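> With the sequence up front, the predicted model follows.
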Amino acid sequence: MFDMSWMKRWQDAVNANGPMNWIGKHFTADFLLGFGDKNFVVSFNKGKLVNVTDQIGPETCYQLAIRGPAESWKKFVQKVPPPMYNDLWAMAHPLHGRVTMEGDQKVLWQNMRAFFWALDRMREV
């Protein structure tokens with residue numbers, strides 16, 4: 001499920017979404033998204049998802065890594081996710097520990113609305 005083809009479809013869904021033009025107009029950041037053993041670095045520039053890569057090495061830069069089991073992400077991307085899989089905060093709750101965040105969380109807080117809006121587009125893929 002979470003391969004480059006799927007990620008490109010997500011990229012298209014994010015970039016075709018009208019509200020991202022104004023919600024994300026200041027959203028420029030690089031994130032590592034980990035779906036089980038598959039990792040991708042996604043780059044946003046002014047609300048556009050400009051790059052997705054799975055070619056990650058020691059020189060690859062990103063501000064925040066968000067990793068979780070592929071099974072958790074599969075529940076998250078359902079049209080109507082089950083409880084505790086409906087958003088990133090629910091999945092990262094300390095009692096559940098399904099998703100971890102490592103790095104500069106300030107970039108997440110500064111761009112939370114746009115980033116969560118982009119993540120919600122995963123349900124359209």
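Looks like it arrived, so ask away.
> Please name the nearest non-neighbouring residue to the most centrally placed residue in the chain.
Of all residues in the chain, the one closest to the mean position by Cα atoms, centre = their mean is L119, 5.0 Å from it. The shortest distance from L119 to any non-neighbouring residue, by Cβ to Cβ, 6 or more residues apart in numbering, is to L88 (6.5 Å). Any C-beta I mention is one placed from the backbone N, CA and C, and that applies to glycine too.
> so what's that neighbour scoring on pLDDT?
pLDDT, L88: 90.
> So what does F44 look like in phi/psi?
Here is the backbone geometry of F44 (degrees, to the nearest 10): phi -110, psi 140.
> quick one, what contacts it?
By Cβ atoms under 8 Å, 6 or more residues apart in numbering, F44 lies in contact with 24, 27-31, 50, 111, 114-115, 118.
> The residue nearest to L119 reaches I66, doesn't it?
Yes - with contact defined as Cβ atoms under 8 Å, L88 counts as touching I66 (7.1 Å).
> between these two, which one's more packed in?
Taking neighbours as other Cβ atoms under 10 Å, L88 and I66 compare with I66 leading, 24 against 19.
> That one is in what secondary structure piece?
Assigned by DSSP states H and E, I66 belongs to strand 64-68.
> Same check on M7?
Assigned by DSSP H and E, M7 belongs to helix 4-15.
> So for that helix, mean pLDDT?
97.
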